[in-house]
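Chemist: Predicted coordinates and the sequence they were generated for:
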Amino acid sequence: MSTTLTDRPAAITRDAIRDLYDDYYGALDEVRLHDWPEFFMQDCLYRVIPRENFEAGYTLSTMQAESRGMLKDRVTGLTRTQMYAPRYYRRFPTAPRIVGEENGGVRTRHNLLLVQTLIDKPSEIVLSAVCHDLIVADEGRLRFAERVVVFDSEMLPNSLVYPV
Amino acid sequence: MTIPVRPPEGRLWPVDADAAVPYWVYSDPEIYAEELRKIWYGPHWLYVGLECEIPNVGDWKTATLGERPVVMVRSAQNEISVVENRCAHKGVKFCQARFGHSEELICPYHQWSYALNGDLQGVPFRRGVKRQGGMPADFDLKQNGLTKLRVEEVNGVVWATFSEETPAFRDYLGEKFWKHYTRVYDGRKLEVLGYNRQHIPANWKQMQENIKDPYHAGLLHVFFATFGLFRADQKSAVDIDDEGRHGILISRKGEQEKTEAMADIRNFQGDLVLEDPRVMDVVQEFPGEETVGMITIFPSVILQQQVNSLTTRQIVPKGPDGFDFHWTHWCYADDTPEMRLRRTRQANLFGPAGFVSADDGEVLEMTQQGATPSPDAHMILQMGGRAIESTDHQVTETAVRGMYRYWRKVMGL
Ligand code: FES
Ligand SMILES: [Fe+2]
């Protein structure tokens, strides 16, 4: 993913939002992990959080990052230090719903199913979630200022390896 | 009546008894059933939860001990009860939510109602309707309550046991482990930061072994090794109790540098730097120089103090080849906002997506995959020799040997 800098920030249209999600999930499904942090603002909030924590007002998350740097560190940790069985992740998002505006950004919601396939195993659902995103125009493209993935799943099948 | 267990037909214990354990311990259904009876429902204290999870009278939390569902409930101002979540009438698991609050415990099926401490209070139609039906005259409410477990609340943690023979909690830990325990659970009020829950498709003992095995930590966990959080060349120790059932790994944080000891770690990433190192912003907060104290309390829980990350990790066995792992991340109630944030950030290292804990979940699943099909083969537990004793280094499997010696004694094998 190349970042093109233009003077005019991209307009946050319904089409542009749709393109953002297509690109985002495309990059993740194809495991282009190094492209992933670029979908976020430098200062951002990323959380994959159990629903019970979210509803209780806890911020403790299964995955968390508070900057693009931390997202890059997640990729580094994953690609250079972690050990895990090979697998495919595939994400099944529903169409985004625009739920509000905030400081020139747009808040969206959509449901997400994350399915994994391990060698010799039937495919299984890793999590079922609703994504609370805040999309902003940044450096001539759309990016996430916030992405909070609240998952219903009570018991993750072992580990959550790749980002959501 | 207890049926004596023998190794399953045709399966033997290896000759090198203390330093080898056969793989059928991970997969045999009869052995698993015996473990439930003799270990989980036997003379052992099991972790139920934190006292701060149920602050008010009538607050309850459900949990599973062994395979049995229970309710931990604040039954009076200064009293916590743990009762089986199984209606005395027909066995309904009457509490379905994780948390709740109620004046009494009521089963939805025929509405038998129980006091918060488990006493049966009322049975609808007990005297019949229009003189028809009803319970026999000799039906005694007192004889038909919920099963009450023995309970001890110890510095914010609630423990329960099904057995009358379990010694007092402090004696169960032993003085040495009482000291380790009270280093972190020192009587200060605790507060929950959040939960993580995962199912790990491996035998429950593997989780205990994993934390009793410091030798893997500097090798498997490249993230730890790289950033000096847990390394083979650090000053460290393994302590075990006299019975061999509980263990602790003690370690000191080192620097991120390439030393001689790192040469054995094939995938050490000496050049790795973090873009945003706030996740590694560690402060020393406990007495002494140790930065890590990982306690295994047999059989149900791991009490984690890894730098500033504090968790209880409860093991809930689900058959011989899987267990649920419930993480409760906590802080002290009087922590500053900065400290809470620091602990929350460090949670990225642990849990189902943790930079180090994900490795453990994955490798335990792989162990189960390799071991199950070959029950008669056995593991080699000779690192650090064959002895079962505390050590002042971590290049050892001593605590794993200790656990199996205790396990064999309890299981009568
Ligand atoms: S089963 Fe609970 S009241 Fe009948
Ligand atoms: Fe580990």
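Modeler: In hand now; what should we look at? Numbers count the residues shown, from 1 in each chain, chains lettered A, B, ... in the order given. Ligands and ions are numbered 1, 2, ... in the order given.

Chemist: which bits of chain B sit near ligand 1?
Modeler: By C-beta under 6 Å from any ligand atom, the residues of chain B that approach ligand 1 are B:87, B:89-90, B:92, B:107, B:109-110, B:112. All C-beta atoms are positioned from the backbone trio N, CA, C, and that covers glycine.

Chemist: between the residues you listed, which has the most around it?
Modeler: Neighbour counts for these (other C-beta atoms under 10 Å in any protein chain shown) peak at residue B:112, which has 25 neighbours.

Chemist: give me every residue that touches that one.
Modeler: Shown in contact with residue B:112 (C-beta atoms under 8 Å, 6 or more residues apart in numbering or on different chains): B:87-89, B:106, B:120, B:122-124.

Chemist: Please apply the same query to residue B:24.
Modeler: Counting by C-beta under 8 Å, 6+ apart, residue B:24 touches B:7-8, B:11, B:31, B:375-376.

Chemist: And for residue B:71?
Modeler: B:60-63, B:82-85, B:95, B:105.

Chemist: Was I right to think residue B:313 contacts residue B:326?
Modeler: Yes. In this structure, residue B:313 is within contact of residue B:326 by C-beta atoms under 8 Å, at 7.2 Å.

Chemist: for chain B, what are the low-confidence residue spans?
Modeler: Counting by pLDDT under 70, chain B shows low-confidence ranges at B:1-6, B:232, B:255-263, B:265-267.

Chemist: Quick check, the residue in it closest to chain A?
Modeler: As assessed by C-beta to the nearest C-beta, chain A sits closest to residue B:194 within chain B, at 2.7 Å.

Chemist: So which elements touch the strand or helix carrying that residue?
Modeler: Per DSSP states H and E, residue B:194 falls inside strand B:190-200. Applying 3 or more C-beta pairs under 8 Å, 6 or more residues apart in numbering or on different chains; DSSP states H and E, we find strand B:190-200 packed against strand A:40-50, helix A:51-56, strand A:156-157, strand B:323-332, helix B:337-346, helix B:357-371.

Chemist: That one relative to helix B:357-371, how many degrees between them?
Modeler: Angle of strand B:190-200 versus helix B:357-371, following axes from the mean of the first three to the mean of the last three C-alpha atoms, to 10 degrees, is 30 degrees.

Chemist: Distance check, the residue lying farthest from the centre of chain A against ligand 1.
Modeler: With distances taken as C-alpha atoms, centre = their mean, the residue sitting farthest from the centre of chain A turns out to be residue A:120, at 27.5 Å. Shown here: residue A:120 relative to ligand 1, a distance of 42 Å by C-beta to the nearest ligand atom, to the nearest Å.

Chemist: Report the secondary structure state of that residue.
Modeler: coil (DSSP: H, G, I helix; E, B strand; the rest coil).

Chemist: related to what we said a few turns ago, for the helices and strands packed on strand B:190-200, could you give me CSV that also reports mean neighbour count?
Modeler: Below are the helices and strands packed on strand B:190-200 laid out as CSV (neighbours: other C-beta atoms under 10 Å in any protein chain shown):
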stretch, mean neighbour count
strand A:40-50, 20
helix A:51-56, 16
strand A:156-157, 22
strand B:323-332, 22
helix B:337-346, 17
helix B:357-371, 21
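
Chemist: and residue B:326, what does it touch?
Modeler: By C-beta under 8 Å, 6+ apart, the contact list for residue B:326 reads B:195-197, B:313-314, B:316.

Chemist: And these, which of them are buried?
Modeler: B:195-197, B:313-314, B:316 (16 or more other C-beta atoms under 10 Å in any protein chain shown).

Chemist: what domains does the record give for chain B?
Modeler: Listed by the TED database, the domain ranges of chain B are B:46-153, B:175-411.

Chemist: deepest of these, which one?
Modeler: Counting by mean count of other C-beta atoms under 10 Å in any protein chain shown, domain B:175-411 has the highest mean neighbour count of the domains of chain B, with a mean of 20.

Chemist: Please identify which helix or strand holds the residue of chain A found nearest ligand 1.
Modeler: Nearest residue of chain A to ligand 1 (C-beta to the nearest ligand atom) works out as residue A:154 at 24.3 Å. In the assignment (DSSP H and E), residue A:154 maps to no helix and no strand.

Chemist: By proximity to chain B, which residue of chain A wins?
Modeler: Relative to chain B, the nearest point of chain A is residue A:60 (2.7 Å; C-beta to the nearest C-beta).

Chemist: residues contacting the residue nearest to that residue when sequence neighbours are not counted?
Modeler: Of all residues not flanking residue A:60 in the chain, residue B:194 sits nearest, at 2.7 Å (C-beta to C-beta, 6 or more residues apart in numbering or on different chains). Residues near residue B:194 by C-beta under 8 Å, 6+ apart: A:49-50, A:53, A:56, A:58-61, B:329, B:344, B:347.

Chemist: Give me the distance between the two termini of stretch B:364-381.
Modeler: Length of stretch B:364-381, first residue to last, C-alpha to C-alpha, to the nearest Å: 16 Å.

Chemist: List of residues touching the helix or strand hosting residue B:34?
Modeler: Secondary structure from DSSP H and E places residue B:34 in helix B:29-35. Residues from elsewhere that reach helix B:29-35, judged by C-beta under 8 Å, 6+ apart: B:5, B:8, B:24-25, B:317, B:319-320, B:411.
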